[in-house]
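Asker: Sequence unavailable; structure follows:
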């Protein structure tokens, strides 16, 4: 079942509100929702891609390049996402999780890259930070 990453209003939509002038803000790197995620089960090695609002159809046993919104061509990115998610779950001793992040293609890059920033186990959401 698909579940969206908790979302916040985009700052460009709220910062222009006159009621906010003179207000002090603190910003993180990611201030709105995820555009791509992956759910994995370590025991079965199964994975499901989560788009912004839906489950995406992707056959991991026969990977093909697919286009995804503004991220453009994902290439074999879903396969790499699955490998990362499974290793992450094993490292964290989790049976399954949904890893949320941003698929992004900069400029003339041929394929998009994935930038994970959070994960969900059951109904509990956790952030990821660099160390």
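Answerer: Structure received. None of these values were measured; they are calculated from a predicted model.
Asker: Tell me the pLDDT of the spatially most central residue of the chain.
Answerer: The residue lying closest to the centre of the chain (Cα atoms, centre = their mean) is residue 101, at 2.2 Å. The model reports residue 101 with a pLDDT of 88.
Asker: separation between the spatially closest residue to it that is not a sequence neighbour and residue 72?
Answerer: With sequence-adjacent residues excluded and distances taken as Cβ to Cβ, 6 or more residues apart in numbering, residue 101 is closest to residue 116, at 3.7 Å. C-betas here are computed from N, CA, C, even on glycine. As judged by Cβ to Cβ, to the nearest Å, residue 116 and residue 72 stand 19 Å apart.
Asker: For the protein, which segments count as strands?
Answerer: Here the chain has its strands, by DSSP state E, at 36-41, 46-51, 55-56, 67-68, 72-73, 96-104, 113-121, 124-127.
Asker: For the protein, which helix extends over the most residues?
Answerer: Longest helix in the chain, counting residues (DSSP state H): helix 77-92.
Asker: Quick one: residues contacting the residue nearest to residue 101.
Answerer: 84, 99-101, 128 (Cβ atoms under 8 Å, 6 or more residues apart in numbering).
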